[in-house]
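Participant: kindly generate the corresponding structure for this input.
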Amino acid sequence: MPGKRPRADSHSDAIDLVFEMLFAITDSSKPADCVTRNTLREWKRQLLSAEAEEKEAIRKAAEEFTLEEAVMDFGLTYTPTVMDFSEHWWNIEALPVIKTFQPSTCLAELVVYLACLRQSRLNRGRSNTSVYGVATDGLFYVFVTITHDGVLKESKQFSVVHGALSTVLGCFQYILETAMSMCPNLTQETGALEADGDDPFDVDDSPHLDSDDEQ
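Facilitator: The predicted structure is shown next:
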């Protein structure tokens, strides 16, 4: 009676078991196929290397990122902006002017989620992967976007207490109109965009974000 096959305790153990069987099959051929054995050896090396790289990737909760870590880990370009709102209430595409930024936990967490959403769109071949978000306590609002090219932009802080309500509402209108233009099922006029709608968001598209954050 054949002995019990050992249980694989990890992906690398499973890879070893599979290739052990494949090598045995190859060696049993007469004559032994050296080309096939070399090919199998290379495949095994590539699989084990890929697993080692995956283990090195740090997966953590979104709130554990700093803004600098989010920008670096997700390959973004950070260009915070000071915008001239006398010309346009949210001139998000204007050339940025670098300013001092004091990172906050709230803003860093928002950037992580937006970066994951953009990565999800990139992985699905979307023609426009721009994403928009807002950090707020209900009275103060900071609007954030990551462009299709991976440029992270941040608006100045708006306070509805100090007369910026119309600007805040205008920013929300801009975000909603942009999102609606990317939705494939709203009207017949969006037929050209039917292949460009978003699939359900999958946090596993990012090797940096803990999948538990999906909840």
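Participant: which stretches in the protein count as strands?
Facilitator: Ranges of strands in the chain, per DSSP state E, are 77-78, 131-136, 140-146, 151-154, 158-159.
Participant: mean pLDDT lowest where, among the ones you listed?
Facilitator: Lowest mean pLDDT within the strands of the chain: strand 77-78, a mean of 73.
Participant: list the helices and strands that one packs on?
Facilitator: Counting contacts by 3 or more Cβ pairs under 8 Å, 6 or more residues apart in numbering; DSSP states H and E, strand 77-78 packs against helix 67-73, strand 151-154. For glycine as for every other residue, the C-beta is placed from the backbone atoms N, C-alpha and C.
Participant: go again with 7 Å.
Facilitator: On a contact count with 3 or more Cβ pairs under 7 Å, 6 or more residues apart in numbering; DSSP states H and E, strand 77-78 meets strand 151-154.
Participant: show me where pLDDT drops low in this structure?
Facilitator: 1-15, 19, 26, 29-37, 44, 47-59, 79-105, 183-215 (pLDDT under 70).
Participant: same thing but 90
Facilitator: 1-113, 115-130, 134-143, 147-164, 168, 174-215 (pLDDT under 90).
Participant: count the neighbours of Ala179 for me.
Facilitator: 12 (other Cβ atoms under 10 Å).
Participant: how about it: what's its closest non-neighbour residue?
Facilitator: Tyr132 (7.7 Å; Cβ to Cβ, 6 or more residues apart in numbering).
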